[in-house]
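In: From the sequence below, what's the structure:
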Amino acid sequence: MAPRGLSLDEKRTKLLEIFHESKDFYQLKELEKLGPKLKGIVSQSVKEVLQSLVDDGLVQGDKIGASNFFWSFPSQRGTIVQNRLDSAKETRVSHEAQLDELTATIEHERTLRPLTESRAAALEQLSSTKKQLAALQEEINAYGACDPVKVEEKKRAVTLAHEAAVRWTDNYSILLSHFTRQTGMDAQDIRRYLEIGDDYEDIF
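Out: Here you go, the predicted model:
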(Lines give C-alpha, C1' and ligand atoms only; values in the text may rest on other atoms or scores of the structure.)
Protein backbone atom coordinates (compact mmCIF):
# COMPACT_ATOMS: atom_id res chain seq x y z
CA MET A 1 0.00 0.00 0.00
CA ALA A 2 1.34 3.43 -0.97
CA PRO A 3 2.16 5.71 1.98
CA ARG A 4 -0.54 8.24 2.84
CA GLY A 5 0.27 11.82 1.89
CA LEU A 6 0.32 14.58 4.49
CA SER A 7 -2.86 16.57 5.07
CA LEU A 8 -2.78 20.36 4.86
CA ASP A 9 -2.83 20.68 8.67
CA GLU A 10 0.06 18.23 8.97
CA LYS A 11 2.05 20.16 6.36
CA ARG A 12 1.39 23.42 8.22
CA THR A 13 2.56 21.92 11.50
CA LYS A 14 5.71 20.44 9.99
CA LEU A 15 6.60 23.63 8.12
CA LEU A 16 6.23 25.60 11.36
CA GLU A 17 8.54 23.08 13.03
CA ILE A 18 11.29 24.03 10.57
CA PHE A 19 11.05 27.66 11.71
CA HIS A 20 10.69 26.89 15.44
CA GLU A 21 13.45 24.28 15.59
CA SER A 22 15.98 26.42 13.74
CA LYS A 23 14.82 29.91 14.84
CA ASP A 24 16.17 31.16 11.52
CA PHE A 25 15.04 33.19 8.50
CA TYR A 26 14.33 31.50 5.15
CA GLN A 27 13.54 32.30 1.55
CA LEU A 28 10.85 30.35 -0.29
CA LYS A 29 13.37 28.42 -2.42
CA GLU A 30 15.18 27.31 0.76
CA LEU A 31 11.95 26.05 2.30
CA GLU A 32 11.09 24.20 -0.92
CA LYS A 33 14.35 22.27 -0.45
CA LEU A 34 14.09 21.77 3.32
CA GLY A 35 10.41 20.77 3.29
CA PRO A 36 10.90 17.45 1.47
CA LYS A 37 14.27 16.77 3.08
CA LEU A 38 13.38 17.39 6.74
CA LYS A 39 9.62 16.96 6.99
CA GLY A 40 8.44 15.00 3.95
CA ILE A 41 6.48 17.94 2.50
CA VAL A 42 6.20 17.81 -1.28
CA SER A 43 8.23 20.67 -2.72
CA GLN A 44 5.41 21.86 -5.00
CA SER A 45 3.06 22.37 -2.04
CA VAL A 46 5.45 24.37 0.16
CA LYS A 47 4.47 27.74 -1.34
CA GLU A 48 0.75 27.16 -0.75
CA VAL A 49 1.31 25.92 2.81
CA LEU A 50 3.60 28.84 3.58
CA GLN A 51 1.05 31.35 2.28
CA SER A 52 -1.69 29.82 4.49
CA LEU A 53 0.56 30.26 7.54
CA VAL A 54 1.29 33.86 6.58
CA ASP A 55 -2.44 34.54 6.09
CA ASP A 56 -3.14 33.19 9.60
CA GLY A 57 -0.35 35.29 11.12
CA LEU A 58 1.66 32.24 12.19
CA VAL A 59 4.56 33.15 9.89
CA GLN A 60 5.83 36.65 9.19
CA GLY A 61 7.35 37.77 5.93
CA ASP A 62 9.14 40.83 4.63
CA LYS A 63 11.08 41.94 1.57
CA ILE A 64 14.72 42.71 2.28
CA GLY A 65 16.47 44.08 -0.74
CA ALA A 66 15.39 42.01 -3.72
CA SER A 67 14.48 38.92 -1.69
CA ASN A 68 11.51 37.88 0.46
CA PHE A 69 12.33 36.37 3.84
CA PHE A 70 10.02 34.45 6.19
CA TRP A 71 10.32 33.67 9.89
CA SER A 72 8.39 32.40 12.89
CA PHE A 73 9.37 31.89 16.52
CA PRO A 74 7.66 29.63 19.10
CA SER A 75 6.73 32.61 21.30
CA GLN A 76 4.83 34.17 18.40
CA ARG A 77 2.47 31.20 18.16
CA GLY A 78 1.69 31.38 21.86
CA THR A 79 0.94 35.08 21.59
CA ILE A 80 -1.32 34.56 18.59
CA VAL A 81 -3.24 31.75 20.29
CA GLN A 82 -3.67 33.87 23.43
CA ASN A 83 -4.88 36.83 21.36
CA ARG A 84 -7.42 34.61 19.61
CA LEU A 85 -8.58 33.24 22.96
CA ASP A 86 -8.98 36.75 24.37
CA SER A 87 -10.90 37.80 21.27
CA ALA A 88 -13.19 34.77 21.56
CA LYS A 89 -13.86 35.57 25.22
CA GLU A 90 -14.72 39.18 24.36
CA THR A 91 -17.09 38.01 21.63
CA ARG A 92 -18.76 35.59 24.05
CA VAL A 93 -19.26 38.32 26.66
CA SER A 94 -20.72 40.61 24.00
CA HIS A 95 -23.14 37.91 22.80
CA GLU A 96 -24.20 37.10 26.35
CA ALA A 97 -24.92 40.80 26.95
CA GLN A 98 -27.01 40.97 23.78
CA LEU A 99 -28.90 37.82 24.83
CA ASP A 100 -29.66 39.29 28.27
CA GLU A 101 -30.87 42.50 26.64
CA LEU A 102 -33.16 40.64 24.24
CA THR A 103 -34.52 38.47 27.06
CA ALA A 104 -35.31 41.56 29.12
CA THR A 105 -37.00 43.19 26.12
CA ILE A 106 -39.18 40.12 25.52
CA GLU A 107 -40.23 39.97 29.16
CA HIS A 108 -41.06 43.67 29.11
CA GLU A 109 -43.22 43.26 26.00
CA ARG A 110 -45.03 40.35 27.64
CA THR A 111 -45.96 42.48 30.64
CA LEU A 112 -47.32 45.18 28.32
CA ARG A 113 -49.41 42.66 26.38
CA PRO A 114 -50.82 40.09 28.79
CA LEU A 115 -52.52 37.07 27.26
CA THR A 116 -56.18 37.92 27.89
CA GLU A 117 -59.09 35.83 26.63
CA SER A 118 -59.79 38.27 23.82
CA ARG A 119 -56.14 38.33 22.71
CA ALA A 120 -55.95 34.53 22.85
CA ALA A 121 -59.09 34.33 20.69
CA ALA A 122 -57.63 36.85 18.22
CA LEU A 123 -54.39 34.87 17.94
CA GLU A 124 -56.34 31.67 17.36
CA GLN A 125 -58.40 33.38 14.67
CA LEU A 126 -55.22 34.67 13.02
CA SER A 127 -53.75 31.16 12.97
CA SER A 128 -56.94 29.74 11.47
CA THR A 129 -57.04 32.46 8.80
CA LYS A 130 -53.44 31.75 7.82
CA LYS A 131 -54.26 28.05 7.40
CA GLN A 132 -57.26 28.87 5.21
CA LEU A 133 -55.15 31.20 3.10
CA ALA A 134 -52.52 28.48 2.62
CA ALA A 135 -55.22 25.98 1.60
CA LEU A 136 -56.70 28.43 -0.93
CA GLN A 137 -53.24 29.09 -2.35
CA GLU A 138 -52.70 25.34 -2.84
CA GLU A 139 -56.07 25.11 -4.59
CA ILE A 140 -55.15 27.99 -6.90
CA ASN A 141 -51.84 26.28 -7.70
CA ALA A 142 -53.70 23.05 -8.49
CA TYR A 143 -55.74 24.90 -11.12
CA GLY A 144 -52.69 26.68 -12.44
CA ALA A 145 -53.24 25.23 -15.93
CA CYS A 146 -56.48 27.24 -16.17
CA ASP A 147 -54.82 30.49 -15.18
CA PRO A 148 -55.69 33.01 -17.99
CA VAL A 149 -52.16 34.42 -17.89
CA LYS A 150 -50.61 30.95 -18.28
CA VAL A 151 -53.10 30.07 -21.04
CA GLU A 152 -52.14 33.22 -22.93
CA GLU A 153 -48.43 32.41 -22.49
CA LYS A 154 -49.00 28.92 -23.94
CA LYS A 155 -50.93 30.38 -26.90
CA ARG A 156 -48.07 32.76 -27.58
CA ALA A 157 -45.56 29.91 -27.38
CA VAL A 158 -47.61 27.83 -29.86
CA THR A 159 -47.81 30.80 -32.24
CA LEU A 160 -44.04 31.35 -32.10
CA ALA A 161 -43.41 27.64 -32.67
CA HIS A 162 -45.75 27.61 -35.66
CA GLU A 163 -44.07 30.68 -37.17
CA ALA A 164 -40.67 29.06 -36.74
CA ALA A 165 -41.88 25.84 -38.38
CA VAL A 166 -43.30 27.75 -41.36
CA ARG A 167 -40.06 29.71 -41.72
CA TRP A 168 -37.91 26.58 -41.75
CA THR A 169 -40.31 24.84 -44.14
CA ASP A 170 -39.99 27.80 -46.53
CA ASN A 171 -36.22 27.62 -46.23
CA TYR A 172 -36.32 23.91 -47.07
CA SER A 173 -38.50 24.52 -50.14
CA ILE A 174 -36.21 27.28 -51.42
CA LEU A 175 -33.12 25.14 -50.86
CA LEU A 176 -34.69 22.10 -52.57
CA SER A 177 -35.72 24.18 -55.59
CA HIS A 178 -32.25 25.72 -55.88
CA PHE A 179 -30.55 22.33 -55.57
CA THR A 180 -32.70 20.70 -58.26
CA ARG A 181 -32.02 23.58 -60.66
CA GLN A 182 -28.28 23.40 -60.05
CA THR A 183 -27.91 19.62 -60.27
CA GLY A 184 -30.82 18.60 -62.50
CA MET A 185 -31.82 15.91 -59.99
CA ASP A 186 -35.46 15.04 -59.50
CA ALA A 187 -37.01 16.53 -56.33
CA GLN A 188 -38.72 13.23 -55.47
CA ASP A 189 -35.36 11.42 -55.55
CA ILE A 190 -33.90 13.97 -53.14
CA ARG A 191 -36.92 13.63 -50.84
CA ARG A 192 -36.57 9.84 -50.79
CA TYR A 193 -32.82 10.06 -50.13
CA LEU A 194 -33.36 12.45 -47.21
CA GLU A 195 -36.38 10.41 -46.01
CA ILE A 196 -38.67 13.45 -46.20
CA GLY A 197 -42.35 12.66 -46.68
CA ASP A 198 -44.60 14.38 -49.24
CA ASP A 199 -46.62 15.96 -46.43
CA TYR A 200 -43.60 17.81 -44.98
CA GLU A 201 -44.78 21.20 -46.27
CA ASP A 202 -48.40 20.78 -45.14
CA ILE A 203 -48.22 23.21 -42.17
CA PHE A 204 -51.27 25.41 -41.61
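In: Need phi/psi at the residue positioned nearest the centre of the chain.
Out: Nearest to the geometric centre of the chain sits residue 52, at 22.3 Å (C-alpha atoms, centre = their mean). Here is the backbone geometry of residue 52 (degrees, to the nearest 10): phi -70, psi -40.
In: measure the closest residue to it other than its chain neighbours to residue 95 for me?
Out: Once flanking residues are discounted, residue 52 sits nearest to residue 12: 6.4 Å by C-beta to C-beta, 6 or more residues apart in numbering. C-beta here means a position set from N, CA and C on the backbone, and glycine is covered the same way. For residue 12, the distance to residue 95 (C-beta to C-beta, to the nearest Å) stands at 29 Å.
In: Same question for residue 49.
Out: For residue 49, the distance to residue 95 - C-beta to C-beta - is 33 Å.
In: Which residue ranges make up each domain of this protein?
Out: Following the TED database, the chain resolves into domains at 8-73, 74-114, 150-194.
In: okay, these, which one's buried deepest?
Out: Highest mean neighbour count among these (mean count of other C-beta atoms under 10 Å): domain 8-73, with a mean of 15.
In: how distant is that domain from the center of its chain?
Out: 32 Å (C-alpha atoms, centre = their mean, to the nearest Å).
In: gap between the two ends of that domain?
Out: With C-alpha to C-alpha, to the nearest Å as the measure, the first residue of domain 8-73 is 20 Å from its last.
In: can you put the domains of the chain in JSON lines and add distance to residue 129 and mean pLDDT?
Out: Output for the domains of the chain, formatted as JSON lines (distance: least, C-beta to C-beta, whole Å; pLDDT from 0 to 100):
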{"stretch": "domain 8-73", "distance to residue 129": "54", "mean pLDDT": "92"}
{"stretch": "domain 74-114", "distance to residue 129": "20", "mean pLDDT": "72"}
{"stretch": "domain 150-194", "distance to residue 129": "27", "mean pLDDT": "74"}
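In: Make a markdown table from these and add distance to residue 140 to it.
Out: Shown next, in a markdown table, are the domains of the chain (distance: least, C-beta to C-beta, whole Å):
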| stretch | distance to residue 140 |
| --- | --- |
| domain 8-73 | 53 |
| domain 74-114 | 34 |
| domain 150-194 | 12 |
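In: Select, out of these, the one closest to residue 128.
Out: Among the domains of the chain, the nearest to residue 128 by C-beta to C-beta is domain 74-114 (20.3 Å).
In: who's in contact with the residue lying farthest from the centre of the chain?
Out: The outermost residue of the chain, judged against the average C-alpha position, is residue 184 (59.6 Å), by C-alpha atoms, centre = their mean. Counting by C-beta atoms under 8 Å, 6 or more residues apart in numbering, residue 184 makes contact with nothing.
In: Got phi/psi on it?
Out: phi 80, psi 10.
In: Surely the residue nearest to the centre of the chain is in contact with residue 8?
Out: Yes: counting by C-beta atoms under 8 Å, residue 8 is a contact partner of residue 52 at 7.3 Å.
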